[in-house]
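*Asks:* Generate a structure from the sequence data that follows.
(chains A, B and C)
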Amino acid sequence: MMTEDLFKDDKQNVEDRLAAEALIVDVDGFEGPLDVLLTLSRTQKVDLRRISVLDLAKQYLTFVEKAKALRIELAADYLVMAAWLAFLKSRLLLPPDPTEDGPTGEELAAHLAFQLERLQAMRDAAARLMARDRLGRDIFARGLPEDVTRVRTVTYSATLLDLMQAYARIRTRDEFRPFVMDRDSVFTMEQALERMRGLIGFAGTWTDLTSYLPDGWGSDPVKRRSATAATFAASLELVKEGKLELRQNETFAPIELRRRKDER
Amino acid sequence: MNDESEPELVREESLFDAPPIAEQERMVEAILFATVEPITIRELESRMPHGCDGAEALAHLRKRYEGRGVRVVRVGDAWAFRTAPDLGFLMRKETVETRKLSRAAIETLAIIAYHQPVTRAEIEEIRGVSVSRGTIDQLLEMEWIRLGRRRMTPGRPVTFVVTPNFLDHFGLENARDLPGVKELRAAGLLESRPMPGSDADDEDEDDDDIGGEDQTELFED
Amino acid sequence: MNDESEPELVREESLFDAPPIAEQERMVEAILFATVEPITIRELESRMPHGCDGAEALAHLRKRYEGRGVRVVRVGDAWAFRTAPDLGFLMRKETVETRKLSRAAIETLAIIAYHQPVTRAEIEEIRGVSVSRGTIDQLLEMEWIRLGRRRMTPGRPVTFVVTPNFLDHFGLENARDLPGVKELRAAGLLESRPMPGSDADDEDEDDDDIGGEDQTELFED
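*Replies:* Alright, predicted model coming up:
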């Protein structure tokens, strides 16, 4: 393969070369820079707690260089990690500068080692978890469950008062009728709509809404309120139907209406 | 798992390798528990290691579960675990829910209480709307009404009367103890206003008052 | 045990007519056998006759099934019958193919289980890579994880915790039984250590650099 040719010049031993090669070829298979670092750290063949972060940083930087040489596009976080490791490398190599505060190279290196160890620990834990006896694979639940029948007992409540009121309601239905006459001073939207439909044909110019109130409904305040509300509601309905236009110049100003010219 | 390749060997091995019967019993127990349908002895044995005696293991298992909360029962020529019949009641989860009686039901009940014995047609005439079968059934089921004597009129319609349960629930000694219309009015129950909540219910049935008028003779109290 | 000492109490208890404990054990057996979902003692008792001691009956039952082909196992605060792990090989036919989880999903699941309650940012910090929405969604859908309480930090991020279904699937009594959890904690690997030099106060929500967080104090247990 191409990669093999490119690595021929390297003075690494075969094993390292294969490892590095695998890294480059599988760069897509890595789950981020930490994953790469963890893989690289395996070449040191030591306990993660005793890993040489300096060597690791060098390895990572080489990895990034090679990827660049191969024109493999590395995601930004790989490059961020490279920059950080370059910084860490310089901190580890140079004697500490007493004028500078902030963590020492060793502290940063220890933290990176911790992160790697923690990630590795989580991976091991995940593997142990997945290797457990699992329900549906090694352990089984009841295959023939017996459904619990839900018996819902509904008790209905009714009081003597409910009963008597119900009876009273039926027995005195006639007595309720006059109550309907209260609707005398109610002008319904249906009535208003019917009335408006007959009138809008003449509404060529902007006209005050109140001029559409039915005769005799303008004087009594109760009646006027109802008729105005119904007429307004009916107007909105007609606007919705595309038959009317409404306007109001300012808050509380008279509402005006006219027939829509390009009636839908 | 793949025994097909070396049938001879397996047969020979099985002579030695059949697990002890107690172990076979455990196996049958686990299989019966997990299987999604009753299982035959043949199927049992096909799943168990070679040389196992499914029938015997099953017999042991059945014995073990005698008198337990679940039993090994035969279903056709297969076997399954089932709840012991006397514990069937545990498989029911009872919930009690209190609901308000619907307006239709309470009105129907009221008419039956005041006019008993009363036929369905009469109830409908008084209410001005038809009475659904469900409403009557509900009241029958609650044991608040029962069938009375058939009316000696054409068609011999059934009548409904209230039950002792009804009287008990409403704290009445007798249906005649129900207050009459005059008393209801005196008690302020007949104000010329819709009953609280009654207008909200108005939509669920069309009671447009047809036919209530000429039934006044039914209303005598 | 000694009835003489508390005659009053005994007399009162007998009013409840609780069935003998052997009978209660049968009941628990029947109820647990009938269901797939683990059942809490509370639920058990709600289905048993009044005065039953679900916990005691269950303890008897557990003992009875020790070493059998099926066992009574604890799942969180609920209980269920499950087949003995050593007999899984008999149940090949019952095996349900679980969707293969991606490496990212498996790791994310492990991190949630071991670090719960844990925020997405924390998972990302541990894995060193962003967690895709799909991964979390998949785990939520499998009902292995659920949302925990929000973190009381800026942005009030949601946390994730594992569910009883997770415990059931992996045969765990509770999250403390996770393999190796003690060792991991002892090794300090379940902490979120701050990056040296990062200020505890100016921790920000977007962790674009690896490990800027300082939330040690937020990782309870």
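*Asks:* Quick one: name the residues of chain B near chain C.
*Replies:* Residues of chain B lying near chain C by Cβ under 8 Å from any Cβ of the partner chain: B:1, B:25-31, B:33-36, B:47-48, B:67-70, B:81, B:83-84, B:87, B:90-91, B:93. Using the backbone N, CA and C atoms, a C-beta is placed for each residue, glycine as well.
*Asks:* can you do 7 Å?
*Replies:* Contact residues (Cβ under 7 Å from any Cβ of the partner chain) of chain B with chain C: B:26-27, B:29-31, B:33-36, B:47-48, B:68-70, B:81, B:83-84, B:87, B:90-91, B:93.
*Asks:* Those, buried ones only, as a PyMOL selection?
*Replies:* Filtering these down to the buried ones (16 or more other Cβ atoms under 10 Å in any protein chain shown) takes a single PyMOL command:
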select buried, chain B and resi 26+27+29+30+31+33+34+35+47+48+68+69+70+81+83+84+87+90+91
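*Asks:* Strands - which of the residues of chain B next to chain C land there?
*Replies:* Applying DSSP state E to the residues of chain B next to chain C, the entries found in strands are B:70, B:81, B:83, B:93.
*Asks:* ok, and the closest non-adjacent residue to the third one?
*Replies:* Take residue B:83 and drop its neighbours on the chain: the residue closest to it by Cβ to Cβ, 6 or more residues apart in numbering or on different chains is residue C:30, 4.8 Å away.
*Asks:* quick one, what contacts the one you found?
*Replies:* By Cβ atoms under 7 Å, 6 or more residues apart in numbering or on different chains, residue C:30 lies in contact with B:69-70, B:83-84, B:87, B:90.
*Asks:* want to try a markdown table for the residues you listed, with pLDDT and distance to residue A:101 as columns?
*Replies:* Shown next, in a markdown table, are the contacts of residue C:30 (pLDDT from 0 to 100; distance: Cβ to Cβ, whole Å):
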| residue | pLDDT | distance to residue A:101 |
| --- | --- | --- |
| B:69 | 94 | 71 |
| B:70 | 93 | 72 |
| B:83 | 89 | 73 |
| B:84 | 91 | 76 |
| B:87 | 90 | 74 |
| B:90 | 86 | 71 |
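*Asks:* got the residue ranges for the strands in chain A?
*Replies:* Taking DSSP E, the strands of chain A run over residues A:149-157, A:207-208, A:244-248, A:255-259.
*Asks:* Among the ones you listed, show me which one is buried the most.
*Replies:* Highest mean neighbour count of the strands of chain A: strand A:255-259, a mean of 18 (counted as mean count of other Cβ atoms under 10 Å in any protein chain shown).
*Asks:* Show me what that strand is packed against.
*Replies:* The contact analysis (3 or more Cβ pairs under 7 Å, 6 or more residues apart in numbering or on different chains; DSSP states H and E) places strand A:255-259 against strand A:207-208, strand A:244-248.
*Asks:* For chain C, find the nearest of the ones you listed.
*Replies:* Of all these, strand A:244-248 sits nearest to chain C, with 44.7 Å by Cβ to the nearest Cβ.
*Asks:* ok, residues contacting that closest one?
*Replies:* With Cβ under 7 Å, 6+ apart as the test, strand A:244-248 has contacts from A:200, A:206, A:235, A:238-239, A:255-260.
*Asks:* now do 10 Å
*Replies:* Residues from elsewhere that reach strand A:244-248 (Cβ atoms under 10 Å, 6 or more residues apart in numbering or on different chains): A:196, A:200, A:203, A:206, A:209, A:232, A:234-239, A:253-261, A:263.
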